[in-house]
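Peer 1: dropping the sequence and predicted coords here.
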Amino acid sequence: MGYKIQRLIAEAKHYGLNTISVDYRNCAMASGRVTLLIDTLKQLDTLPQQIILVGSSMGGYVSTVVANNLPVAGLFLMAPALWMPAEEYTIQSYQSQTSKVEIIHGINDEVVPCENSIRFAREHEGTILHLVPDDHRLKASLDFIACQFRRFIKELSEINH
């Protein structure tokens, strides 16, 4: 429940959306987090096509991998750890089952190169990519992230109605 997700939960609730923040503290490896997220989603009374996955860093990777297997409504990613060389990132091919993807990435990210998000946007037509003057934590971009997330939700609700 970091500062970014707390802010985005508040934005989602403003639009009447139910939210879940999966507790990954006992799950250090990305593959375990993917399994935990899939198991969590299976327990919901919601169709996958009504779910928006939101993730930052490793959470962005996890959300993207899950969207490879589930047709979710959208992906909203912040500095997603895509194409990282660490052995815990075993899946390196991304074919998300959604056409609604938005990424915000700091151009001064010292953990995940912003080039990885640029590559994803190039390979996935329709992806909206925002490069912001920030680092990996995106703390200086929190208001911008919240604004983009509100627009993202609004656009999804217009598509579904």
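Peer 2: On my side now, so go ahead.
Peer 1: CA only for contacts and neighbour counts going forward, please
Peer 2: Fine.
Peer 1: run a quick neighbour tally on residue 68.
Peer 2: 16 (other Cα atoms under 10 Å).
Peer 1: tell me the contacts of it?
Peer 2: 94-97 (Cα atoms under 8 Å, 6 or more residues apart in numbering).
Peer 1: so residue 71 touches residue 53, yeah?
Peer 2: No. Residue 71 is not in contact with residue 53 according to Cα atoms under 8 Å; the separation is 10.7 Å.
Peer 1: which of the two has more neighbours?
Peer 2: Counted by other Cα under 10 Å, residue 71 and residue 53 do not tie: residue 53 has more neighbours, with 22 against 17.
Peer 1: strand partners (parallel or antiparallel) of the helix or strand containing the more buried one?
Peer 2: Assigned by DSSP states H and E, residue 53 falls within strand 52-56. As defined by DSSP bridges, the strand partners of strand 52-56 come to strand 74-78 (parallel).
Peer 1: could you list the alpha-carbon positions for the partner strand in PDB?
Peer 2: Provided in PDB are the C-alpha atoms of strand 74-78 (Å, rounded to 0.1, in the frame of the first residue of the first chain):
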ATOM      1  CA  GLY A  74      -6.900  -2.400 -19.200                       C
ATOM      2  CA  LEU A  75      -3.300  -2.100 -17.900                       C
ATOM      3  CA  PHE A  76      -2.100   1.000 -16.100                       C
ATOM      4  CA  LEU A  77       1.600   0.600 -15.500                       C
ATOM      5  CA  MET A  78       4.200   2.800 -13.700                       C
END
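Peer 1: please state the offset of that strand from the chain centre?
Peer 2: 3 Å (Cα atoms, centre = their mean, to the nearest Å).
Peer 1: again, but for stretch 81-95
Peer 2: With Cα atoms, centre = their mean, you get 15 Å for stretch 81-95.
Peer 1: who's in contact with stretch 15-35?
Peer 2: Residues contacting stretch 15-35 (Cα under 8 Å, 6+ apart): 1, 5, 9, 12-13, 37, 40, 58, 61-63, 65-66, 88-90, 153.
Peer 1: hmm, back to that, just give me the closest of the contacts of residue 68 to residue 118.
Peer 2: Distance to residue 118 across the contacts of residue 68 (Cα to Cα) is lowest for residue 94, with 13.6 Å.
Peer 1: nice, that's everything, thank you.
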